[in-house]
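**Student:** sequence and computational prediction follow.
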Amino acid sequence: MGTALVYHEDMTVARLLWDDPECEMECPESADCSPVVGQWVSGQGPEGERRSCLACPPLHSPEYVAMVRGTQSLGKVELQALSGKYDTVYFLTSLSICARMFPGATLQLVDAVLTGTAHNGLALVRPPGHHSQRTAANGFCVFNNVAIAAEYAKQKHGLHSVLYFSWHRYEHGRFWPYLRESDADEVGRGHGRGFTVNLPWNQVGMGNADYVAAFLHVLLPLAFEFDPELVLISAGFDSVIGDPEGQMRVTPECFAHLTQLLLVLARGRVCAVLEGGYHLELLAESVCMTVQALLGDPAPPLLGAMVPCGSALESIQRVRAAQAPHWTSLQHQDMAPVLSSSIGSPEARPQPPPPAGAEYMVAAAAEAVEALRALLDQLRLRPLPPVRTAIALTSTDAALVLPPGVLHQEGSAPREETEAWARPHEALVQDEALTALGKVLNLMDGILGGQVSSGIAATPALATAATLDVAIRRGLYLGAQRLLCVAVGQAATP
């Protein structure tokens with residue numbers, strides 16, 4: 001299992017043949033990222049039109065599908081006349097072939113991920129699909145490939161409900177396509193209420209901090225509660241800095257971070273499908289960052305102040321309020337905001353140089369801890385234990401000054417019980433290691449028993465691996481069914 005790349009060179013053959021300033025930005029080069037990412041993943045072509053046509057009718061009307069198929073026999077004048085009946089779309093003979101092919105590419109990727117052939121992947125397709133409607137092409141888009149993929153996953157692979165999340169340039173309804181149903185208070189209808197989540201950006205210039213804040217405070221809480229079996233990314237990159245259409249300020253590195261956050265969902269089963277993006281150089285960089293994240297590479301650091309602007313916070317709060325009746329994870333409104341607004345518009349944000357030295361590092365660490373704590377509070381779907389954080393210290397660590405809200409846990413498991421658990425390990429025979437183990441066991445009892453939320457324990461370096469082994473066996477003995485063990489550093493693991 002690895003990362004799959006689905007593409008075909010025919011995706012790049014269609015090009016606008018008449019003068020249309022609105023359509024000329026949708027060009028073959030937008031799908032020509034395969035030479036860049038091909039060095040990392042093995043690509044394979046889509047199985048073609050047969051599979052895609054089987055999936056199109058449930059979402060697009062038969063009449064519309066037949067019309068698109070019929071463009072193969074039209075001349076240039078007829079194609080131009082037909083294109084003029086739709087909003088910002090051009091039809092060509094070769095384009096119609098690609099438009100029927102790319103849902104097949106997307107479905108091939110879904111099959112690969114859901115059957116375990118690939119762990120995740122990216123479909124480099126063209127033209128894009130997210131603006132297309134049931135009976136009409138719209139905004140460069142002919143067939144809605146990601147919507148088709150969602151329906152296909154339900155019909156063929158037995159998945160059930162769909163949660164739809166979209167952030168988009170809206171500007172209070174004054175930006176194309178001027179749809180009232182794109183605002184935050186449109187949450188779906190009937191049994192689907194709460195399963196449509198719109199996050200409208202009401203000004204241009206949104207940057208990394210705004211998009212990350214949207215993930216932390218809207219998308220991830222909902223996604224963890226929804227618990228998806230598959231993540232489909234309608235991967236548009238027109239929010240990248242310098243894009244003439246999006247006019248936002250997201251850096252390519254940010255897409256790596258956002259992709260990594262999505263990989264924690266659905267056991268990492270993520271299918272990204274190329275959509276828009278009209279700054280070709282930065283589009284390629286953004287696609288590369290996305291692929292690197294899918295491959296498991298570490299994300300580059302995000303530079304600059306990570307403080308969302310006031311307009312972003314307003315949009316986030318509006319969508320949280322609209323969705324709160326439908327999602328438990330958004331009903332904790334008593335939490336103070338972790339991130340405060342910057343002053344003025346994104347263009348006017350001050351960018352002071354960070355203070356140097358330990359003071360800056362301490363402040364940055366504190367901000368990160370508070371942000372993580374707030375996110376965990378939002379995702380928590382049960383009451384908090386009485387003790388927020390406990391630290392199990394030995395006598396040699398007793399002088400450590402603990403921050404407010406963190407309690408020093410003095411207790412220890414009974415000596416005989418601790419010795420019984422330690423017996424297989426010579427490293428735990430020494431008094432210091434045995435004492436530390438007793439405190440670890442007592443801390444685990446509190447966490448698994450619901451009295452303590454989290455904790456920190458200190459153990460002698462030579463006894464770390466043995467203590468971890470005992471802790472794992474103790475957790476299973478106490479009834480834990482799923483344990484995540486993360487070993488950081490160079491100490492040997494059990």
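**Tutor:** Good, I have the coordinates. Residues are numbered from 1 along each chain as shown.
**Student:** let me know the outermost residue of this protein.
**Tutor:** Glu416 (47.7 Å; C-alpha atoms, centre = their mean).
**Student:** which secondary structure element contains it?
**Tutor:** In this structure, Glu416 sits in helix 415-422 according to DSSP states H and E.
**Student:** elements contacting that helix?
**Tutor:** With contacts defined as 3 or more C-beta pairs under 8 Å, 6 or more residues apart in numbering; DSSP states H and E, the packing partners of helix 415-422 are helix 431-448, helix 464-477. (C-beta placed from N, C-alpha, C; glycine too.)
**Student:** which of those is buried the deepest?
**Tutor:** Among the helices and strands packed on helix 415-422, helix 431-448 has the highest mean neighbour count (mean count of other C-beta atoms under 10 Å), at a mean of 20.
**Student:** now the element after it, going C-ward?
**Tutor:** Using DSSP H and E, the next helix or strand after helix 431-448 towards the C-terminus is strand 452-457.
**Student:** for that next one, packing partners?
**Tutor:** Packing contacts for strand 452-457, counted by 3+ C-beta pairs under 8 Å, 6+ apart, involve strand 387-392, helix 431-448.
**Student:** show me what the first one pairs with in its sheet, parallel or antiparallel.
**Tutor:** In this case it means strand 387-392. Strand pairing for strand 387-392, determined by DSSP bridges: strand 406-409 (parallel), strand 452-457 (parallel).
**Student:** before we move on, the earlier item: could you tell me the least trusted of the helices and strands packed on strand 452-457?
**Tutor:** Ranked by mean pLDDT, the helices and strands packed on strand 452-457 bottom out at strand 387-392, with a mean of 74.
**Student:** mind listing what's buried in that one?
**Tutor:** For strand 387-392, burial by neighbour count (16 or more other C-beta atoms under 10 Å) applies to 387, 389-392.
**Student:** dump these to CSV, plus distance to Val204.
**Tutor:** As requested, these are exported to CSV (distance: C-beta to C-beta, whole Å):
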residue, distance to Val204
Val387, 46
Thr389, 41
Ala390, 47
Ile391, 47
Ala392, 51
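**Student:** just the closest of those residues to Ala466, please.
**Tutor:** The closest of the buried residues of strand 387-392 to Ala466 turns out to be Ala392 (C-beta to C-beta; 16.3 Å).
**Student:** hang on, Cys271 in a strand?
**Tutor:** Yes - under DSSP: H, G, I helix; E, B strand; the rest coil, Cys271 sits within a strand.
**Student:** strands along the stretch 151-300 of the chain, start to end?
**Tutor:** When assigned using DSSP state E, counting those that start in this stretch, the strands of the stretch 151-300 of the chain occupy the ranges 164-169, 196-201, 231-235, 270-274.
**Student:** thinking again about what came up before, pipe the helices and strands packed on helix 415-422 into CSV and attach distance to Tyr164 per row.
**Tutor:** Listed next are the helices and strands packed on helix 415-422 as CSV, based on distance: least, C-beta to C-beta, whole Å:
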stretch, distance to Tyr164
helix 431-448, 36
helix 464-477, 38
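**Student:** which one of these lies nearest to Thr115?
**Tutor:** helix 464-477 (31.1 Å).
**Student:** which pLDDT value belongs to Ser61?
**Tutor:** pLDDT at Ser61 comes out at 80.
**Student:** surely it meets Ser132?
**Tutor:** No - judged on C-beta atoms under 8 Å, Ser61 makes no contact with Ser132 at a distance of 11.7 Å.
**Student:** so between these two, which is more surrounded?
**Tutor:** Ser132 (26 against 14; other C-beta atoms under 10 Å).
**Student:** OK, contacts around the residue farthest from the centre of the chain?
**Tutor:** Taking C-beta atoms under 8 Å, 6 or more residues apart in numbering, we find Glu416 in contact with no residue.
**Student:** centre-most residue in this protein?
**Tutor:** For the chain, the residue nearest the mean C-alpha position is Leu262 (2.8 Å; C-alpha atoms, centre = their mean).
**Student:** so that residue sits right up against Ile233, yeah?
**Tutor:** Yes - judged on C-beta under 8 Å, Leu262 makes contact with Ile233 at a distance of 6.8 Å.
**Student:** shared neighbours, those two?
**Tutor:** Counting by C-beta under 8 Å, 6+ apart, the residues touching both Leu262 and Ile233 are Val270.
**Student:** can you tell me how far the residue nearest to the centre of the chain is from Gly475?
**Tutor:** According to C-beta to C-beta, to the nearest Å, Leu262 and Gly475 sit 29 Å apart.
**Student:** need the least confident one among the strands paired with strand 387-392, by mean pLDDT.
**Tutor:** If you rank these by mean pLDDT, strand 406-409 sits at the bottom with a mean of 60.
**Student:** confidence score at Tyr278?
**Tutor:** pLDDT, Tyr278: 79.
**Student:** so it is in contact with Gln247, correct?
**Tutor:** No - applying C-beta under 8 Å, one finds Tyr278 not in contact with Gln247, separated by 10.7 Å.
**Student:** leaving out the residues flanking it, which one is nearest to Leu295?
**Tutor:** Nearest non-adjacent residue to Leu295, counting by C-beta to C-beta, 6 or more residues apart in numbering: Thr3, 5.1 Å away.
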